[in-house]
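>>> Show me the folded form of this:
(2 chains)
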Amino acid sequence: MSHATQPTFGATHPALEELLEHRFDPSLPQPEGWDEFVAHLDECSSCRARAVEIDPTLGFRRLPTVEVDASDIAAMVQSVAVLRRNRELTGAQGGIEEARQARSGRWWFPAVAALAVGMGLGMAGGGVPLAPEMSTGGVAGNLSSLRTTTLPGEVRDAASLDAVVDALGASDNFNEPVLEGVENPAARIYQFRGNTSLAEDETIAVAFVIDPTIDV
Amino acid sequence: MPTTRPTLVYSAPGVEPWADRSDLEVLQALARDEEDALNELIQRKTKPLIQAVYRILGDLEESRDVVQMSFVRIWENRTKFDPQWSPNTWIFRIATNLAIDLLRARRTRERSSDPVRRHLRQVADNHSRREFACLERREVMEIFERLASKLTEKQRAVFLLREVEGRSSQEVAEIVGCRESTVRNHLFNARKVLRQELIQHYPEYAAISPQGRQGLAEEGR
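Coordinates of the predicted model:
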């Protein structure tokens, strides 16, 4: 519908008022030609001004559009893959916050924590180094903001993380972890909220996956 | 004698390229755990999903988070898709529900900071006024964000999907999970609230014609 072939609605076309009547009366059906009419409003500023004067909510058809280019789509492919892997690894079933962390590059945090605990279990024969030394480069190097926690001797020798949790629970700066079950009855996931002695950033949660079947 | 170099074929013989497959076929491949199908779906749906979710949330970064999580949910629920459903409706339903949940959570958080937000809005409102139909799209978004805070999450989603995105009542009903008659009610009430709010907060933009005023009077009865 264009002015080259059609007269301007409202200015020379009395149908404009009639077309809008149903918007004020729910008992009236949507008139024939409505979709063409609103498409015309997107193109024609004079008809749009006239229609918006009668019903201002028509002005909201001009809400902004979002530009999405190939790099946005490539980033989405990558971040969805990261989020999927992260959820598979930690068993997390969280909400949108998880997606934000995956896009902001914080996805590695729970994954590396889980791997570190797995390695600790394997090397110490059941002992649990809660915050192993992470002085190497790469991803682990980024963990330097973590405060190394020295565990009491009796805890270092304990066979389960439960003892670690109990010991840490006695300190002032510690939030009780969430214990989640997983399909493997021998495995457990401890998820610590952020803003604890382990992580200063409250948007970060630390997950420890304890699975004796992991072969590192 | 010149030799012809063979053309590289990236898809296996007998396998249809993704571009030639319908959304339904892509979802069926997804149900068979084909990870490439998820990437194809992301290629196809990222833009329309971000567009729709951005309008519901009014925040681009949050929209990207929601769309990202939507694709993960689609993957996790890939075996639950019924081929009798419309693929697009199913996909948009997942994204819209996540957006509505986020909107609800955000509103709960924002209640505690209402006085500050009111002040910031008053500061932002001290701009010169122009005719509503001629405003920049960004300005229309700012006004909508303010007025739409009076809508319920469902009313807001229905208004945007039906009025702005131009989807049919039937499709909107399937996306938000209600009957078509409920969609019409949500839509009517959303328009009514938006008009009233516009008159209250932006009277200079609500230069409603006699026909409009008569409509409002009838609507209020």
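
>>> List the backbone torsions phi and psi for A:Phe208.
Dihedral angles of A:Phe208 (phi, psi; degrees, to the nearest 10) stand at phi -110, psi 120.

>>> Roughly how far does it sit from chain B?
22 Å (CB to the nearest CB, to the nearest Å). To be clear about C-beta, it is placed using only N, CA and C from the backbone, and glycine gets the same treatment.

>>> Double-check that residue against A:Thr90; I have them as touching.
No. Contact criterion CB atoms under 8 Å: A:Phe208 and A:Thr90 do not qualify, at 9.4 Å.

>>> Look up the pLDDT of residue 213 for me, please.
No chain was given, so I picked chain A. Note on A:Thr213: pLDDT of 67.

>>> actually chain B
pLDDT for B:Arg213: 60.

>>> How about A:Leu28?
A:Leu28 carries a pLDDT value of 88.

>>> now the one 5 residues further on
The per-residue pLDDT reported for A:Gly33 equals 85.

>>> isn't it right up against A:Glu18?
No. Counting by CB under 8 Å, A:Gly33 does not reach A:Glu18; the two are 10.5 Å apart.

>>> Can you say which helix or strand has the residue most central in space within chain B in it?
Note on chain B: the residue nearest the mean C-alpha position is B:Ala52, at 2.5 Å, using CA atoms, centre = their mean. Taking DSSP states H and E as the criterion, B:Ala52 maps to helix B:35-57.

>>> What is the neighbour count of whichever residue of chain A sits closest to chain B?
Relative to chain B, the nearest point of chain A is A:Phe24 (3.3 Å; CB to the nearest CB). For A:Phe24, the neighbour count with other CB atoms under 10 Å in any protein chain shown is 22.

>>> hmm, back to that, starting at the chain centroid, how far to the helix holding B:Ala52?
Helix B:35-57 sits 11 Å away from the centroid of its parent chain (CA atoms, centre = their mean, to the nearest Å).

>>> tell me what the one helix or strand B:Arg107 maps to is packed against?
Secondary structure from DSSP H and E places B:Arg107 in helix B:87-110. Judged by 3 or more CB pairs under 8 Å, 6 or more residues apart in numbering or on different chains; DSSP states H and E, helix B:87-110 is in contact with helix B:23-31, helix B:35-57, helix B:60-76, helix B:153-159, helix B:169-176.

>>> do that again at 10 Å, thanks
Contacts defined by 3 or more CB pairs under 10 Å, 6 or more residues apart in numbering or on different chains; DSSP states H and E place helix B:87-110 against helix A:96-103, helix B:23-31, helix B:35-57, helix B:60-76, helix B:153-159, helix B:169-176.

>>> Include distance to B:Trp85 when you put these into TSV, please.
Compiled in TSV, these are given as follows (distance: least, CB to CB, whole Å):
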stretch	distance to B:Trp85
helix A:96-103	24
helix B:23-31	9
helix B:35-57	15
helix B:60-76	13
helix B:153-159	19
helix B:169-176	8
